[in-house]
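Q: Generate a structure from the sequence data that follows.
(chains A and B)
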Protein chains: 2
Amino acid sequence: MKIYNYAAGPAKLPDQVISQIQEELPSVQGSGMSILEISHRSALFENILADAQQDLRDLMKIPDNYHILFFQGGGTGQFAAAPLNLATNHRKIALLDSGHWAVRAGDEATRLGFDMDTLASTKNIQYQSLPHLPENQNLDQYDYLHLTMNNTIEGTAYHQPVRPINTELVADMSSNFLAETYNVTDFGLIFAGAQKNLGPAGVTVVIVRDDLVHKVENVPSILDYDLFVKKNSLYNTPPVFPIYTAGLVLKWLKEIGGIDEMQKINEQKSQMLYDFLDQSKLFTNHITPSDRSLTNIPFTTGDEQLDNQVINAATEHGLMSLKGHRSVGGLRASLYNAMPIEGAQVLVDFLEDFEKHYQGGH
Amino acid sequence: MKIYNYAAGPAKLPDQVISQIQEELPSVQGSGMSILEISHRSALFENILADAQQDLRDLMKIPDNYHILFFQGGGTGQFAAAPLNLATNHRKIALLDSGHWAVRAGDEATRLGFDMDTLASTKNIQYQSLPHLPENQNLDQYDYLHLTMNNTIEGTAYHQPVRPINTELVADMSSNFLAETYNVTDFGLIFAGAQKNLGPAGVTVVIVRDDLVHKVENVPSILDYDLFVKKNSLYNTPPVFPIYTAGLVLKWLKEIGGIDEMQKINEQKSQMLYDFLDQSKLFTNHITPSDRSLTNIPFTTGDEQLDNQVINAATEHGLMSLKGHRSVGGLRASLYNAMPIEGAQVLVDFLEDFEKHYQGGH
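A: Alright, predicted model coming up:
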């Protein structure tokens, strides 16, 4: 039975990348050593790191005045690092509350002693649309505005960034990084955990504009942008294998034709599922169409028991990890870059079939 | 040509573990999904995590009142986490300066606003012996004493822990973790980056006594012991693959017979090299014999150019990464758990041969 993995992250990687890792696991680039064993100070790894940085720069058209850094600690680490490194002037951050991960980012900043103002929220409508800034709102009292570009749990995405006035934009791009095209220069800082579209869990990409990086006090070294810029992400031992794997995924994405091409494929995949859901009499996606995510699609029958029945039947058919996040319930299909179009088709076919039999049975 | 990798870390892993990873990379435990793709909330990963914890508990005889946690960020992360979590009473830490990594630990605590007193140092003798506490020194003004159990760069190790009076002992065991037997109850906190004896870079083990863990303020969540205890290391997405690999290494170590057995093998390997160095007329190890490390053995001809000649000739023979740390120079052989006895023999044979030809040429 072929397995399809719709997990929200860690998530599916390209088959081609898994094969390549498997093939060269005992001896990376003919070195006689495994990628799991080589020194991070070796020329071999330095080249792997430089290649990953350059490929990412090419793919996202990242200008020279932005640094590309690799950290450990995931998005949660960056919820701390962003204020510690960037909110040093006003110690005050603005937030649009678009869901669970926006709240978590705000909580971490608050925990570390920063002021956090939630300027808009769609919590009262269960996050079924995205919050936006009041028009022309001046934000000059804030060090930055924090935005969760894609809300993994709620299934929404800012396909265009909110444009704050008089402050910087900080984007948590964890779950649609490399899945749709953004203009890097709209942001002061972009970060993303790898484990959705870039690689395995254990590495976090930070893209930060040079003029925002400065010496900071009282910040743990492993979260210090300035140190990581100066040491080119080699201040301490980096997560070698996750960076290597991310490098292979970036090369795979280049072969596909880059982010614009990937976005078209992602639109095609997600549209197949949204089209099905919108005509279905059994399943519903509740998100305002213009705010719908390309990568994370929650849906429900509206009946918890029936939802669980669908999930169990899907699992028996090899369609894995379709359970929605516990805070939302229902089902969720994550259709990240590595999910082939076939994976969206198989899911729609299964749901269609389930609906047919379900209604036949009533 | 067979390659032998003497890197100080990331370092050699057991061949058997590399083979197993390779074999099950496309489908871990018959799941049809790669370990690189599975959710950290899956039963599959929860079992992998529980197994790794239990195997480590068995191997090190860790009592129930100690927690086993997995962090990201390496030893450098723990240089921050240890004071942030444990030095909350006096905000004052005692240090024995046994070399580079002890100093780095002290610098990180200082950077974060803690007082750090260096109670003894062997810097003036190039760290060729270990510093010890003045006898019966009362440390009740300190939250803990920080000890680097094995000095990766200088080649020394505390084979018995220093026993401070009236304070806790915090041990950085990064480079001899699982390589020799210690009594866990001698320590309040043990931490170790995986990339020497446990697994690939990207995961850090923390073993901490329960009564030392408490709610802390103003600490980034990814360094918060209390949170990680409450969430069993799953507060955020953990480094799934490094934990999985560490789990395989732990099972391999159990098969070998545990840490006591491993220590005997490590003693045998290191003794072969020390015996050679001590009788050699060309190469010297400068460390006081009783303080010598089992895992990291620096040596030199005393002539930088000649040292480089040896390193180059070794590389040509497939003996890799023998260059000493830049702060010490010379050569260094790391003989971690995964290095077979054969690897020590091959190195001794090579050095013997080099010496013979070198002296023949003069």
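Q: So chain A: which segments form each domain?
A: Each domain of chain A is listed here as a residue range: A:15-255, A:257-360, per automatic domain parsing.
Q: Most tightly packed of those?
A: Ranked by mean neighbour count under mean count of other Cβ atoms under 10 Å in any protein chain shown, these are led by domain A:15-255, which reaches a mean of 20. Any C-beta I mention is one placed from the backbone N, CA and C, and that applies to glycine too.
Q: now that domain, how far from the centre of its chain.
A: Here domain A:15-255 is found 9 Å from its chain centre; the criterion is Cα atoms, centre = their mean, to the nearest Å.
Q: Can you say which of the domains of chain A is nearest to chain B?
A: Smallest distance to chain B across the domains of chain A (Cβ to the nearest Cβ): 3.1 Å, for domain A:15-255.
Q: State the mean pLDDT of the closest one.
A: Over the span of domain A:15-255, the pLDDT mean works out to 97.
Q: ok, back up a step: compare the domains of chain A and give me the one nearest residue B:349.
A: With Cβ to Cβ as the criterion, residue B:349 lies closest to domain A:15-255 of the domains of chain A, at 18.5 Å.
Q: about what we covered before: residue B:74: which of the domains of chain A is closest?
A: Nearest to residue B:74, of all these, is domain A:15-255, at 5.0 Å by Cβ to Cβ.
Q: Up against chain B, what does the stretch 201-350 of chain A have?
A: Taking Cβ under 8 Å from any Cβ of the partner chain as the criterion, the neighbours of chain B within the stretch 201-350 of chain A are A:201-203, A:218, A:220-223, A:235-242, A:245, A:318, A:320-321.
Q: mind listing the helices for the stretch 1-150 of chain A?
A: Here the stretch 1-150 of chain A has its helices, by DSSP state H, counting those that start in this stretch, at A:15-24, A:43-60, A:74-86, A:100-111.
Q: Would you convert those into TSV that also reports distance to chain B?
A: Conversion of these to TSV gives the following (distance: least, Cβ to the nearest Cβ, whole Å):
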stretch	distance to chain B
helix A:15-24	4
helix A:43-60	9
helix A:74-86	4
helix A:100-111	6
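Q: Could you export the ones you listed to CSV, including columns for distance to residue B:100?
A: Formatted as CSV, the entries for the helices of the stretch 1-150 of chain A read as follows, by distance: least, Cβ to Cβ, whole Å:
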stretch, distance to residue B:100
helix A:15-24, 33
helix A:43-60, 21
helix A:74-86, 25
helix A:100-111, 32
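Q: out of those helices, which comes closest to residue B:22?
A: helix A:15-24 (5.7 Å).
Q: Does anything pack onto the closest one? Which helices or strands?
A: Judged by 3 or more Cβ pairs under 8 Å, 6 or more residues apart in numbering or on different chains; DSSP states H and E, the packing partners of helix A:15-24 are helix A:240-256.
Q: Could you look up the next helix or strand downstream of the helix it packs on?
A: Past helix A:240-256, further along toward the C-terminus, the next helix or strand under DSSP states H and E is helix A:259-279.
Q: Sheet partners, orientation included, of the helix or strand just after that next one?
A: The element immediately downstream of helix A:259-279 (helix or strand, assigned by DSSP H and E) is strand A:296-299. Sheet neighbours of strand A:296-299, with direction, are listed as strand A:331-334 (antiparallel) (DSSP bridges).
Q: dump the residue contacts of residue A:51.
A: Residues near residue A:51 by Cβ atoms under 8 Å, 6 or more residues apart in numbering or on different chains: A:247, A:251.
Q: if I look at it, how far off is residue B:347?
A: Look at residue A:51 and residue B:347: by Cβ to Cβ, to the nearest Å, they are 32 Å apart.
Q: what does residue A:182 give?
A: Using Cβ to Cβ, residue A:182 is found at 52 Å from residue B:347.
Q: Over to residue A:120?
A: The span separating residue A:120 from residue B:347 equals 65 Å under the rule Cβ to Cβ.
Q: same thing with residue A:102?
A: According to Cβ to Cβ, residue A:102 stands 55 Å off from residue B:347.
Q: what's the answer for residue A:60, then?
A: Residue A:60 is 45 Å from residue B:347, where distance means Cβ to Cβ.
Q: Same check on residue A:262?
A: As defined by Cβ to Cβ, residue A:262 lies at a distance of 48 Å from residue B:347.
Q: With residue A:266 instead?
A: Relative to residue B:347, residue A:266 is positioned 52 Å away (criterion: Cβ to Cβ).
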